[in-house]
Structure formats: structure tokens, C-alpha cells
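> Sharing a model that was predicted from the sequence below.
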Amino acid sequence: MRRICAVNRIVRPVSGILLRRLALASIIANVGIVVTGGAVRLTASGLGCPTWPRCTDDSYVTTPEMGVYGVIEFGNRMLTFAVALIALATLLAVLAHRPRRPGLLALAVGVFLGIPAQAVLGGITVLTNLNPWVVGLHFLASMAVIAAAYALWRRIGDPDGPTVAVVPTPLRALARVTTGVTVAVLIVGTWVTGSGPHAGDHGAARNGLDPETISQVHADGVFLLIGLSVALIFAFRAVGAQRATRAAIILVAVELGQGLIGFVQYFTHLPAILVGAHMLGSCLVLLAALSVQWSTRERRAVTSAPQAPQAAPTDAATPVPVTA
């Protein structure tokens, strides 16, 4: 009997609070590895370990002869295992959580599998001598994992009832367009990076695009994104969607901060510290845009018995059911 009680204590269901904390830790870890990956590139340590999956042809770890560049590159590779462990812990927590909740397992598996996929892309960047297009794809893969981790975190915090819209259909469409423009700005940003001086290694090739021209295209996209985001603030406020309004205000604030860093780094000839801050800002812009998207609808708790009619919610006059 004592053994049975001990086993029950070991396998008892994971609490929702712990589950959400693990999901948040996964977001932070994935943002962190984007920043450390930027440090590898900005210190010209991209080929500190000149091959993959080994560090050298004869060793899986860095050697003293490789110096600080090898330490930086190998250290970033090791951080991938830490990020993967957090994702694995989150996945196991989802499996242990009771009652089982729809949608969580698929998202947790997506985050967990996205990390080795992203690591393989990192290996391909090394094997292709830091091809700028592959480097950009490596960054965008990290953004996809961050988006999945954020969706998991938000879904854990939602009840399991039906999803309803809290803003009219045209505003939901505008929010989706804003998210799409955010993704486009991130993609063009990788092209700017691929044309600039921070290649990750002194001998790495550039993508051949004119830095000034592609930077202007990127800036134009940022102006469009800020304009759409400001429009969302006024539109959400007009329909009384308070939560969505707050999310849009935060998005604009993050965009303005990111834009300021971008302009300063451009006119100061891309100092490494500002480029690193800009990479962190890219993650924050994506998360803020996803927050706006999430704020346009909500899940209602499932009720087992009919309730008395209630006043309309403050975030919209008439919630409309939408597909989850």
C-alpha cells in the first residue's frame, strides 16, 4: 500500500499553474537562443566550430586551438540542449495534466520538434559556410518556434469552451493583415542582415542585395506596420474592445522602440550591440503582434447548467462564434 501511494504521488497530474510557467519558460528560452545566436554572428564566431554535427572533424567539442570563437559557437550549440529540455519538460507536463485538454498536445509537440529542426538548419548554415539565405531561414525558423510556444502559453491560460470573437469581422481581418505585415517585415529584415557587414565570419559571402535599397524597403514595411497598428488602436477603441486596445498600444510601443533602434544602428554603421538589441526587438514585435491577434477573440468556459442572461461584454457589443 505504501508503494502504491508513493507511485501515485510521483505521477500525480501536473497543475495548470506549473504547466503555464513551463510554457512561459519555453518562450523565454527560445527568445534567448535567438539573442545568443546573434552574438555568435556579431562576434564573427559563426565558423568557430567549422563543421557540424561535430565541432571539428576529430572532436565533438571545442579545442583550445580554436580560441574564443570556438567557445562562443560551441556554447550556443550547447544552449540548444537546454532549450530542448525545457520544451521536453513542457511536453511531458502536458501529457501528465488532467483532465486532458484539446489542442495542447499538438502545440507542445510542435514546439519540441521545432527545436531539433531549427538546430539542423543551424548545422546547414555552418556546412554552407554561413550562406546568408540559409542564415535568414535559420532565424525565421526560430520565430516559428517562438510563435508556437506563445500559442501554447496562451492556450493553457484559456478555458476549453467555444471561441467567440470580441471585435467585428473587419477588425479581425485588419488584425490578421497586421500580423502578416509583421511576418513580411521580419523576412525582409533577414535580407537586410544578409546584405550587411555582420556575416558571422570574415570570409562569409553576402546575398548581393544593395544594402541601402533593401534597408529602405525594410523601413517602408515598418512604416506600413506602424500605420496599421495605430489604426487598430482607434478601431478597437471605437468598438469598446478594451483588451484588444491595450494589446495594440503595446504593439505600437514595441514597434516604435524597435524602429528607433533600427534607425540609430543604420546611421551609426551597425554597431554590434545595437544589432543584437534589434534581434531581441524582432522577437518582441512578433510576440506583441500575436498578442493583438489573440485579443480579437476569447474562449468562454463551458457551463453545465443554463445561467441567467448577462449584460453584453465590455470588449464588444455582440460576440460572434468563430472557429478555434
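Done, it's in. Nothing here was measured: the structure is a model prediction, and the numbers come from that model. Numbering: from 1, shown residues only.
> now residue 29: how far from residue 212?
Per Cβ to Cβ, to the nearest Å, residue 29 is found 36 Å from residue 212. For the C-beta atoms, the positions are set from N, CA and C on the backbone; glycine is no exception.
> neighbour count winner among the two?
residue 29 (22 against 9; other Cβ atoms under 10 Å).
> Excluding chain neighbours, what is closest to that one?
residue 83 (4.5 Å; Cβ to Cβ, 6 or more residues apart in numbering).
> can you count the residues close to the closest residue to residue 132 other than its chain neighbours?
Closest residue to residue 132 apart from its sequence neighbours, by Cβ to Cβ, 6+ apart: residue 194 at 3.2 Å. Counted with other Cβ under 10 Å, the neighbours of residue 194 add up to 24.
> element containing residue 194, please.
Assigned by DSSP states H and E, residue 194 belongs to helix 169-195.
> what about residue 298, which SS state?
Following DSSP: H, G, I helix; E, B strand; the rest coil, the label given to residue 298 is strand.
> dump the residue contacts of it.
158, 163, 164, 166, 315 (Cβ atoms under 8 Å, 6 or more residues apart in numbering).
> Quick one: which of these is the most crowded by neighbours?
With neighbours defined as other Cβ under 10 Å, the most crowded of those is residue 166; it has 26 neighbours.
> all strands for the protein, in order.
163-165, 297-299, 320-321 (DSSP state E).
> Which secondary structure elements does the helix holding residue 194 sit against?
helix 132-157, helix 211-238, helix 242-267, helix 272-295 (3 or more Cβ pairs under 8 Å, 6 or more residues apart in numbering; DSSP states H and E).
> Now it: average pLDDT?
Helix 169-195 carries an average pLDDT of 95.
> Show me the shaky parts of this protein.
1-13, 302-324 (pLDDT under 70).
> Report the buried residues of the longest helix seen in it.
Longest helix in the chain, counting residues (DSSP state H): helix 67-96. Under the neighbour-count criterion of 16 or more other Cβ atoms under 10 Å, helix 67-96 has 69-70, 72-74, 76-77, 80, 83-84, 86-87, 89-91, 93-94 buried.
> likewise stretch 25-40?
25-27, 29-31, 33-34, 36-40.
> mind listing what the closest residue to residue 22 other than its chain neighbours touches?
Setting aside the residues directly before and after it, residue 22 is nearest to residue 90 in space (Cβ to Cβ, 6+ apart), at 4.3 Å. Shown in contact with residue 90 (Cβ under 8 Å, 6+ apart): 19, 22, 23, 25, 26, 108, 111, 112, 152.
> change it to 7 Å
Residue 90 makes contact with 22, 23, 26, 108, 111 under the criterion Cβ atoms under 7 Å, 6 or more residues apart in numbering.
> Quick check: the farthest pair among these?
The largest separation in the contacts of residue 90, counting by Cβ to Cβ, is between 22 and 111 at 10.6 Å.
> For these two, work out which one has more neighbours and name it.
residue 111 (31 against 22).
> which residues does that one contact?
26, 87, 90, 145, 148, 149, 152.
> still on that earlier bit, how about the contacts of residue 298 in TSV, adding distance to residue 251?
What follows is the contacts of residue 298, written out as TSV (distance: Cβ to Cβ, whole Å):
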residue	distance to residue 251
158	20
163	21
164	22
166	17
315	17
